[in-house]
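Participant: The sequence and its predicted three-dimensional model are supplied below.
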Amino acid sequence: MKFYKYKASKSLEHLIAYFWTLKSSHKDAFNVSYRFVPDAYVDWVFHLGVPWQCHFPDISSQSQTGQFHVFGQIKKYVDLLLPNGELDVFGVKFHPWVANKIWKIDMHYLTNSCLNLNDLDLPKIEELQERVFLAQNVKDRIRIVENYLEPYISYNDKQSLKTVVRTIDIHTQSLESSIQYFGQRRLQQRFKNEMGISPKLFMRTMRINNVIEQMKVNPKLSLTQLTYEYNYFDQNHFIKDFRLFTGYNPTAFLKSIKPDGDILNLRASG
C-alpha cells in the first residue's frame, strides 16, 4: 500500500490542503479493513480502480461507495474494506472552512456521509469526473482539478471560520475570544452550516489528531504525559475520547498505526 501527498498550486493553497493518492497492487492483501479516523477536513475521492466500501459505525444505510464520492465531516472512525482488485485512488483534501463555499450546501447535510459527487449538483461535475478518470498521470489530474477550481481562486476567506480555527488552542480547547466576537449561538450555527459539526467536536477532533501525530513522533510518551499535555481531565477521560474517535485504546492504536497514515490510519483487520 503506497500513500503520497502532493502540494496544491500557490494560488489554490487557501482552498486545498493537499492532493493525495493511494495505490495497492496484487501483492497486497485483499479483503482487509483499514480505519480512517476523523481529521476535520473534507475530501473528494476519485476511484480509478475498484472502489472500496465504507462502513460508518451505526449508519448501515451509508455503507456503499460510488466511483466518485465526497466525504463530509465524520464524527467517528470509518472502516474501509479494500476491494479484490487493484486500488487506485486520487483524492483532493479541502480545508474545512471553504467546502461550504465551493459545494454550495449546508455542510451538516454531509456529516457522517459518503455521497456520490454528483449529488452535490456542481457545474460540469460529470465532465470533471470523466477527465480525471481518463487522465494518464497524477500531474494531469491535479491540473484538471485546479483548472476546475479556478473560479474560486479569488475567494476571500477572511470572513470564513479560518480565522476562528487559528485562534483555537488545541491544548486548552478554548474558544472564549471567538464566542465574545460572534456570540455563542451564532458561532454554533456557523460551524454547523460551514463545517458540519459543532465547535466543540471540531476542537476535539483536532486535539485527537494532534495526539496521534505526537504518538507517531514519540511513541514512548506515556498516557499520563499525553493526558497532561493535551489538558484532558484525567487519563480515563483521555482513553474514552480516544476510543470514541478511533475505536481503539491508545496502546492498541499505536501498535497498528501506519507512519504515513493520513488517509488510512491503521489496519483494522485482515
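Facilitator: Thanks, I have the structure now.

Participant: Show me the domain layout of the protein.
Facilitator: What the record gives for the chain is the domain set 2-155, 162-256, from automatic domain parsing.

Participant: what's the first-to-last distance across the first one?
Facilitator: When you say that, I think you mean domain 2-155. 33 Å (C-alpha to C-alpha, to the nearest Å).

Participant: now that domain, how far from the centre of its chain.
Facilitator: For domain 2-155, the gap between its own C-alpha mean and the chain's C-alpha mean amounts to 9 Å (C-alpha atoms, centre = their mean, to the nearest Å).

Participant: Now do the residue nearest the centre of the chain against T227, distance only.
Facilitator: Nearest to the mean C-alpha position of the chain, by C-alpha atoms, centre = their mean, lies Y41 at 3.9 Å. Taking C-beta to C-beta, to the nearest Å as the measure, Y41 falls 26 Å from T227. Heads up, the C-betas are built off the backbone N, CA and C, glycines and all.

Participant: related to what we said a few turns ago, now the domains of the chain in JSON lines, please, with extra columns for mean pLDDT.
Facilitator: JSON lines is the format used below for these (pLDDT from 0 to 100):
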{"stretch": "domain 2-155", "mean pLDDT": "86"}
{"stretch": "domain 162-256", "mean pLDDT": "83"}
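
Participant: Check which element follows the helix or strand harbouring N236 along the chain.
Facilitator: For N236, the host element (DSSP states H and E) is helix 235-246. For helix 235-246, the succeeding helix or strand toward the C-terminus, using DSSP H and E, is helix 250-256.

Participant: tell me what that following helix is packed against?
Facilitator: Applying 3 or more C-beta pairs under 8 Å, 6 or more residues apart in numbering; DSSP states H and E, one finds that helix 250-256 contacts helix 199-217, helix 223-229, helix 235-246, strand 266-269.

Participant: Which residue, other than its chain neighbours, is closest to the residue nearest to the centre of the chain?
Facilitator: K93 (5.1 Å; C-beta to C-beta, 6 or more residues apart in numbering).

Participant: Can you give me the buried ones in the helix or strand that contains L115?
Facilitator: Using DSSP H and E, L115 sits within strand 114-116. By neighbour count on 16 or more other C-beta atoms under 10 Å, the buried set for strand 114-116 is 114-115.

Participant: That strand: partners in the sheet, and parallel or antiparallel?
Facilitator: strand 68-71 (antiparallel) (DSSP bridges).

Participant: what comes up buried for the partner strand?
Facilitator: In strand 68-71, counting by 16+ other C-beta under 10 Å, buried: 68-71.
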